[in-house]
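Sharing a sequence plus its predicted fold:
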Amino acid sequence: MSTTLEHAEVVPKETVTPFALAPSGHADQPLLSDELLERIGARAAGYDRDNRFFDEDLAELKQAGFLRASVPLEIGGLGYTLPALVREQVRLAYRAPATALALNMHLYWAGAALHLWRRGDRSAEWILREIAAGKVFAAGHGEPGNDLGLADSFVKATPLADGGYQFDGHKVLTSLAPVWDWLGVHGRDDSDPSNPKIVHAFISRDSSGHRTEQTWDALGLRATRSDDTWLDGAIASKEHVTRVLPAGDPDDPFVDGILGAVLPGLGAVYYGIARRAFDLALASATTRRSQALAGRTYAFKPLTQWSVAEAAIELESIEALLERTAEHWWRGYAAGEPWLAKLLSAKQHAVDGALRVVNLSLQIAGAGSLARRNELERLYRDVRAGAFHPPNADASHEVIGQSWLGVHGKVGAPA
């Protein structure tokens, strides 16, 4: 009797390690073992079903050094380059997309601080040291109704006499909400109405004036626990105020570092989702039998072959662009290159392409992929969040077009 996706979960016969970019520098070996990834993958469905945070994954990934992978060796990290880290993010997302996505919101703070550190700017070195010590960072950037992102904020930032700031307002989509030690936030300082400023700072979990509201019950990526955060007089001390910038499009190396870390990381997560869906679909097509083909498998159906080819072509292009973009950011852009457009293009191509691959994978696998017990059903839900990560699809296309047309500020080498 043949095994079909209608009756049982099919596991890929052979797993191809995605994103085969060879790591450089100190990180010359895979960080996450196959055994660890197998345990993480086995927990993913339960987290999703129960809408529960990935506590067990976090504990094991901390132990493995994943959260401090990109921190320099001399500060207590593992010295991974961005391309090497992206490879590990893909491998993690291949088994547990929600875990990988939530931790990207930690890793991009390491990337922003590392961008400054590599330029000789030690103003954010404390972030790297805290991460090396095991602390978890989360992003408090999302705000209801704010479609200008880091260029503006509805959260009020009030300067204090000692150089710190008080923050009051509402943040949404705070991934890692149950466990963060430091929350990176931005708010608007209107103390000088003629010269509004955007303040970038960090709030400690141990401080007062913040609370989490458990609002997260989403279509996909449920284990991220991206709950709402309310700031009611939350204080960031002077040493944890990283930047005070003019309101409007930010032109600063710290913000550039955020973009250089978060966008390839997002691309990695969605490439990992797509690769996993494709491998599950291949396993189905080579085991599910067709009565119309006298018992041969669906792999012999011309339409199956066409769909597999379409998905494979898409995956090849996502991997190639993601690999090139991560390597290019790490090595540095030349003056005049539209670097932000290139980062956004890689992220947008990954999320758009991943959606196409997952849709094709369900088509290849058949109706059994709709069952809740089937991993493809979860991947179908998870992949749909890609278009909404800031900057969303609309904003990304706008900035990419403006950059190539020469009417956007982020052209030339990163600050």
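Here it is on my side, so go on. Residues are numbered from 1 along each chain as shown.

gap between the residue lying farthest from the centre of the chain and residue 284?
Most distant from the centre of the chain: residue 294, at 45.0 Å, with distances by CA atoms, centre = their mean. Distance, residue 294 to residue 284, by CB to CB, to the nearest Å: 19 Å. C-betas here are computed from N, CA, C, even on glycine.

ok, now residue 35?
From residue 35 over to residue 284 (counting by CB to CB), the distance is 25 Å.

Ok, residue 384 next?
Look at residue 384 and residue 284: by CB to CB, they are 21 Å apart.

Residue 35 and residue 284: who's more crowded?
residue 284 (29 against 8; other CB atoms under 10 Å).

And residue 215, how far from residue 346?
Per CB to CB, residue 215 is found 31 Å from residue 346.

Those two: which has the busier surroundings?
The residue with more neighbours, out of residue 215 and residue 346, is residue 346; 26 against 15, by other CB under 10 Å.

Distance-wise, check the more buried one relative to residue 220.
Distance from residue 346 to residue 220, by CB to CB: 22 Å.

Retrieve the pLDDT associated with the residue positioned nearest the centre of the chain.
Centrality entry for the chain: nearest residue to the mean C-alpha point is residue 266, 3.5 Å, by CA atoms, centre = their mean. At residue 266, the model reports a pLDDT of 98.

Over to the one 4 residues further on?
Model confidence at residue 270, given as pLDDT, is 98.

again, but for residue 293
86.

What ranges does the stretch 251-400 of the chain have for its helices?
Secondary structure of the stretch 251-400 of the chain (DSSP state H, counting those that start in this stretch): helices at 253-285, 302-331, 339-365, 375-382, 393-405.

Now distance to residue 99 too, for those, in CSV please.
Output for these, formatted as CSV (distance: least, CB to CB, whole Å):
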stretch, distance to residue 99
helix 253-285, 10
helix 302-331, 19
helix 339-365, 17
helix 375-382, 11
helix 393-405, 24
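
Of all those, which one comes closest to residue 188?
Judged by CB to CB, the one of the helices of the stretch 251-400 of the chain that comes nearest to residue 188 is helix 253-285, at 15.1 Å.

what angle do that closest one and helix 302-331 make?
For helix 253-285 against helix 302-331, the angle by axes from the mean of the first three to the mean of the last three CA atoms, to 10 degrees is 160 degrees.

do you know how far the residue farthest from the centre of the chain is from residue 302?
Distance, residue 294 to residue 302, using CB to CB: 15 Å.

Also residue 134?
From residue 134 over to residue 302 the distance is 54 Å, taken as CB to CB.
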